[in-house]
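S.K.: Need coordinates for the following:
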Amino acid sequence: MLMTSADIDHQAVLDFIVHQQQCPETACAYLGTDASDIRGDLEELDQHWLETVRVSVSADGRILGAAVIEWDEELDRSWVHGPWVEEDAWPTAGPSLLAAVTAQAPVSAHEMYADVSNRGMAQLADECGWQAGETNFEYLRTTPAPAGASAPGIRPVTSADEPAVRALHDQEFPGTYASASELLDPDSRYSTLVFAPEGTVLGYVASQLQTDSTVYVDFVAVDPDARRKGIGERLINGAHESSGRDRIALTVDENRPAARAFYAFLGFELTATTRPYRLRPQSRR
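M.R.: Numbering: from 1, shown residues only. Coordinates of the predicted model:
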């Protein structure tokens, strides 16, 4: 039986999600493991989690699964948080939860994301006609950025930089989850820096504060004609240093082996291996 937040104790649902997040085999990769961070991330979704959450319960009222969704109509895309499902309930609870949350989103493309060890989500995706995406490698650096390592040439992005940043962003990350306009919006969650030592933008980095101790790099790109000159390292260090956080995290997909080697060189360590699952109009069956 499916319920909404109006039908069930909110704290019980949150406790269930937090419990599921403690193990990679049952977690959603969009969220971490700390209870306060999970609550904060859910409350900051574009659509509040209590508005979209759907909960599967047994006849005796036990929570068997839950799922949450947020979406962006401009990007025509949603992100499913979960489904989190008890192991023996996947065959029934998984498909119904996924259908219930995606039905709320007025978009045609959907995504969910988990560690490669989450077999329940992998099987659910296959059963429901979702396509498995590329493997992603998640990295973390816990040593502070060298003081002044980003200077000179690094500065906050301005509206005058939009054409250059948009060209780099669309070339390097076509169809991604955030547009160049969002990266330049001062009211968005992103903090964007550019490398423009003589007025010409040669690269940019966009990041956001993830926790009290961590900044997450969403995008970094360097003009192809300016690569192998240390610009990427300056941008990464600039994002780290300006954030005031001790730790910096990022994700690299399997098609970028050179980037993986680059981040290892900068002192990043592999922390997780994850995979997205996507449903687009042409992939329905």
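
S.K.: Show me where the stretch 1-150 of the chain has its strands.
M.R.: 2-3, 54-57, 63-72, 77-85, 109-115, 131-132, 136-141 (DSSP state E, counting those that start in this stretch).

S.K.: How far off centre is the first one?
M.R.: The one in question is strand 2-3. Relative to the chain's own centre, strand 2-3 is displaced by 27 Å; criterion: CA atoms, centre = their mean, to the nearest Å.

S.K.: contacting residues around it?
M.R.: By CB atoms under 8 Å, 6 or more residues apart in numbering, the residues outside strand 2-3 that reach it are 54-57, 96-97, 100. The way it works is simple: take the backbone N, C-alpha and C, and place the C-beta from them, glycine included.

S.K.: same question, the fourth one
M.R.: Contacts with strand 77-85, where a contact means CB under 8 Å, 6+ apart, come from 16-17, 20-21, 26-28, 30-31, 42, 45, 49, 56, 64-72, 93-94, 97-98, 101-102, 105, 107, 109-113, 120-121, 124, 177.

S.K.: the helices in the stretch 1-150 of the chain, which residues?
M.R.: 10-21, 35-43, 49-52, 90-102, 119-127 (DSSP state H, counting those that start in this stretch).

S.K.: neighbour-wise, which of the contacts of strand 2-3 leads?
M.R.: Leu97 (28 neighbours; other CB atoms under 10 Å).

S.K.: how about TSV for the helices of the stretch 1-150 of the chain, with distance to Asp225 and mean pLDDT added?
M.R.: Converted to TSV, the helices of the stretch 1-150 of the chain look like this (distance: least, CB to CB, whole Å; pLDDT from 0 to 100):
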stretch	distance to Asp225	mean pLDDT
helix 10-21	43	96
helix 35-43	38	91
helix 49-52	44	96
helix 90-102	42	96
helix 119-127	39	97
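
S.K.: Redo those as CSV? Include distance to Ala226.
M.R.: Formatted as CSV, those follow (distance: least, CB to CB, whole Å):
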stretch, distance to Ala226
helix 10-21, 40
helix 35-43, 35
helix 49-52, 42
helix 90-102, 41
helix 119-127, 39
